[in-house]
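Novice: A predicted structure for the sequence below; I have some questions about it.
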Amino acid sequence: MKDMNELRDCSNMLIFTNDSCTGCNKCVRVCPTLVSNIAQEGKIWVNRDSCVACGACLKACGHKAREYKDDTEQFFSDLKAGKKLSVIIAPAFLANYPKEYKRVLGYLKQHGVNHIYSVSFGADITTWGYLKYITENHFTGGISQPCPAVVDYVEKYIPQLIPYMIPVQSPMMCMAIYIKKYLHVSDELAFISPCVAKKIEIDDENNHGYVKYNVTFSKLMQHIGRDYAGSPEYTDELEYGMGSLYPMPGGLKENIEHFLGKGQVIRQVEGEQEAYRYLEKYLKRIDRRAELPFMIDVLNCSRGCIYGTAVDPDKDTDDVLMTLSKMRSVDKEDMHTKGVRRVNKSPWTSQIAPKERLANLMEAFKDLKLSDFIRRYNTSKEIKVSIPSESELNKIYADMYKNTTEKQEINCGACGYATCRDMAYAVHNHVNFVENCIHYIKELAERERIKLKEINEQQQSEQDRRNSLLDSVREQFVLLSSAVAELNDANEASANEASDLAGKLNDIKEHCLHMEESLSSILNFIDIYKNTSQSIVEIANKTNLLSLNASIEAARAGAQGMGFAVVAQEIRNLSASIKILVAKDNEQAEETIPKVDAGVNSIHDLIENISHMSDRVATIAANSQEIAAETANVQVMADDLKSSVENI
């Protein structure tokens with residue numbers, strides 16, 4: 001792609017793009033070349049290297065985004081600075097400004113212009129040069145070259161036609177050469193011109209700077225405004241013959257037929273599109289060795305130079321055509337070349353045969369040298385338009401989504417090019433891009449539409465899945481909320497039961513403590529009982545000993561003591577019985593004590609377990625209360641989530 005600064009730089013460009021460009025492609029559509037317009041950053045820029053200044057885009061652009069440069073400002077600046085300047089004026093100026101013509105010339109004279117010459121006399125020289133070249137070189141067919149846009153096109157794009165270009169200068173250059181070499185005027189020359197492309201011819205190194213300024217009709221009249229109105233009238237300084245007909249369509253043909261008769265085929269081709277297409281066809285005729293017309297009169301502008309690219313587009317065509325009609329109706333018998341006065345010697349009279357007219361023309365210009373008016377062409381300007389290979393072309397078509405013959409031949413012209421192939425060639429030459437093809441955009445949009453549809457379907461499917469999931473989640477949240485509520489109630493009940501259980505365990509603990517105290521009292525009682533039994537045993541032993549002693553004493557007492565002996569025996573028996581009873585009680589007490597101890601220990605362990613259990617139950621109760629509180633929070637959160645899910 002071109003650098004944007006280079007594209008915006010219009011300092012060395014005849015026709016350029018300004019910031020009003022909308023990228024509408026009208027300029028591309030009317031341009032006769034493939035590579036003179038560069039699509040970049042939404043605008044269509046002029047490619048100065050390949051532009052032939054045909055001016056078609058100036059007329060086509062409805063946004064006034066195309067402008068051109070000429071030398072009007074420089075001309076008046078130099079004139080004001082005192083430079084010696086003379087002017088060559090195109091006869092088309094009279095056709096476009098018949099009422100203003102003489103006063104405009106007077107304005108120029110007032111502001112310092114030295115001489116004013118009509119280019120019509122130069123056109124007469126061109127006619128003489130053509131006919132002299134034709135007769136002296138046995139000419140059998142060729143292309144006239146008064147149109148600089150056509151010449152530039154041939155030099156750049158069809159250099160094979162250069163040998164077929166008649167090598168005689170245009171009327172402007174013939175006039176300039178005549179002024180410089182034959183009138184010996186040293187002034188710098190300006191051409192009052194209807195043509196933007198004349199600057200190309202003026203700057204051509206082969207033309208040696210004979211003309212310096214291209215002052216176009218439109219910019220001239222814009223510059224002077226109405227200042228000319230008070231100027232004296234003035235006319236050009238040279239007399240001329242049929243040269244005034246040159247700027248009209250068919251003017252050259254009329255001149256040639258006037259001198260050679262109507263036996264030759266002279267092909268007229270006018271218009272930016274038709275002219276350049278015809279030149280391509282003409283080359284094909286040459287390639288296949290087909291018979292060629294005697295002369296091709298090719299003009300870039302469809303209405304000739306009278307309505308050139310630098311003519312005010314607002315000019316009324318009817319007014320111009322009526323002025324032309326008056327110019328044509330001038331009695332040709334009154335036309336005469338300087339020094340030729342007699343009708344029978346005039347080249348322009350219609351009263352003699354074409355052969356005699358030709359002889360008179362040669363006589364009238366016998367002092368001129370044809371070599372002074374021969375034009376040389378530039379053979380180094382050729383622009384090679386790159387032709388893509390079949391594979392490269394197919395790659396571009398693929399990039400443009402044109403993968404079928406039908407799509408490759410839509411040829412809608414929306415891109416500005418006549419065919420899809422031309423558009424592909426432009427892409428290949430880096431002056432356009434596939435995004436500038438409306439069908440590419442449509443195809444891209446369709447693909448995006450399908451893609452979006454698929455995405456939407458996927459999103460809808462995903463949304464349906466999400467909705468289903470959300471419904472399920474909502475249901476689960478409902479169940480969760482209900483379960484949490486139930487759990488909250490259950491936890492609260494558990495906490496209450498745990499609290500009750502803890503209370504009851506404390507009661508049991510208290511009872512166990514009382515039992516432990518009672519069993520301890522029993523153990524103490526048994527100990528006391530054992531001690532008491534021991535005392536009883538000791539008393540019984542003593543009683544037994546006393547009864548034994550009593551028995552002994554009773555035996556000693558004899559019969560008196562027998563009754564006492566019986567009592568002593570009974571006492572001894574009672575003592576023995578008491579000892580046996582106490583022994584059994586002690587035996588039972590011994591057996592009871594371990595059991596009571598075990599009971600005490602068990603009760604003690606039970607009390608510890610109850611205490612531990614009571615603590616755990618209390619903890620459970622506290623935890624249950626905390627769980628109940630957290631469960632309430634969870635229920636609130638679940639309700640909030642449920643509401644959020646329902647609002648999705």
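Specialist: Noted; the coordinates are in hand. Nothing here was measured: the structure is a model prediction, and the numbers come from that model. Numbers count the residues shown, from 1 in each chain.
Novice: From now on I want contacts and neighbour counts done on CA atoms only, so please keep to that.
Specialist: Fine.
Novice: mind listing the strands for the protein?
Specialist: 15-17, 37-40, 43-46, 66-68, 85-89, 116-118, 142-143, 188-193, 213-216, 266-270, 295-299 (DSSP state E).
Novice: What helices and strands are in contact with the fifth one?
Specialist: The contact analysis (3 or more Cα pairs under 8 Å, 6 or more residues apart in numbering; DSSP states H and E) places strand 85-89 against strand 116-118, helix 171-177, strand 188-193.
Novice: So what's the gap between it and the chain middle?
Specialist: 51 Å (Cα atoms, centre = their mean, to the nearest Å).
Novice: Taking their axis directions, that strand and strand 188-193 sit at what angle?
Specialist: Following axes from the mean of the first three to the mean of the last three Cα atoms, to 10 degrees, one obtains 30 degrees for the angle between strand 85-89 and strand 188-193.
Novice: Show the average pLDDT along stretch 23-36.
Specialist: Throughout stretch 23-36, pLDDT has a mean value of 94.
Novice: Now do it: distance from first to last residue.
Specialist: With Cα to Cα, to the nearest Å applied, stretch 23-36 spans 14 Å between its terminal residues.
Novice: what does it rub up against?
Specialist: When contacts are defined by Cα atoms under 8 Å, 6 or more residues apart in numbering, stretch 23-36 is touched by residues 37, 39, 42-44, 46-51, 56-58, 60-61, 272-273, 276-277, 385, 413-418, 422, 426, 429, 431.
Novice: Also stretch 190-202?
Specialist: 14, 52-55, 68-70, 75, 85-90, 92-93, 148-149, 152, 172, 207, 209-217, 305-311.
Novice: From those residues, list just the buried residues.
Specialist: Buried members of these, scored by 16 or more other Cα atoms under 10 Å, are 14, 52-55, 68-70, 75, 85-90, 92-93, 148-149, 152, 172, 207, 210-217, 305-311.
Novice: how much space between residue 150 and residue 129?
Specialist: Taken as Cα to Cα, the span from residue 150 to residue 129 is 19 Å.
Novice: Need the winner for burial among the strands of the chain.
Specialist: strand 213-216 (a mean of 28; mean count of other Cα atoms under 10 Å).
Novice: Adjacent strands (with direction) for that strand?
Specialist: Here strand 213-216 has these sheet partners by DSSP bridges: strand 188-193 (parallel).
Novice: how long is stretch 253-270 end to end?
Specialist: One end of stretch 253-270 to the other measures 13 Å (Cα to Cα).
Novice: Pull the residues that contact that stretch.
Specialist: 127, 131, 242, 245, 249-250, 275, 278, 293-304, 350, 354-355, 357-358.
Novice: Show me which helix runs longest in this structure.
Specialist: Longest helix in the chain by number of residues (criterion: DSSP state H): helix 438-557.
Novice: tell me how far that helix is from the chain's mean position?
Specialist: So, by Cα atoms, centre = their mean, the centroid of helix 438-557 is 73 Å from its chain's centroid.
Novice: So what's the residue count around residue 460?
Specialist: By other Cα atoms under 10 Å, 13 other residues sit near residue 460.
Novice: What separation is there between it and residue 467?
Specialist: From residue 460 to residue 467 the distance is 10 Å (Cα to Cα).
Novice: Do you know the pLDDT at residue 483?
Specialist: Listed pLDDT for residue 483 reads 62.
Novice: CSV please, covering the helices and strands packed on strand 85-89 and showing mean pLDDT.
Specialist: Putting those into CSV (pLDDT from 0 to 100) gives the following:
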stretch, mean pLDDT
strand 116-118, 92
helix 171-177, 95
strand 188-193, 97
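Novice: would you turn the ones you listed into TSV with distance to residue 552?
Specialist: Shown next, in TSV, are the helices and strands packed on strand 85-89 (distance: least, Cα to Cα, whole Å):
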stretch	distance to residue 552
strand 116-118	201
helix 171-177	195
strand 188-193	190
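Novice: hmm, back to that, would you turn the strands of the chain into a markdown table with distance to residue 586?
Specialist: Below are the strands of the chain laid out as a markdown table (distance: least, Cα to Cα, whole Å):
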| stretch | distance to residue 586 |
| --- | --- |
| strand 15-17 | 137 |
| strand 37-40 | 127 |
| strand 43-46 | 130 |
| strand 66-68 | 140 |
| strand 85-89 | 166 |
| strand 116-118 | 170 |
| strand 142-143 | 162 |
| strand 188-193 | 159 |
| strand 213-216 | 156 |
| strand 266-270 | 156 |
| strand 295-299 | 157 |
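Novice: Looking at those strands, spot the one closest to residue 394.
Specialist: Across the strands of the chain, residue 394 has its closest neighbour in strand 37-40 (21.4 Å, Cα to Cα).
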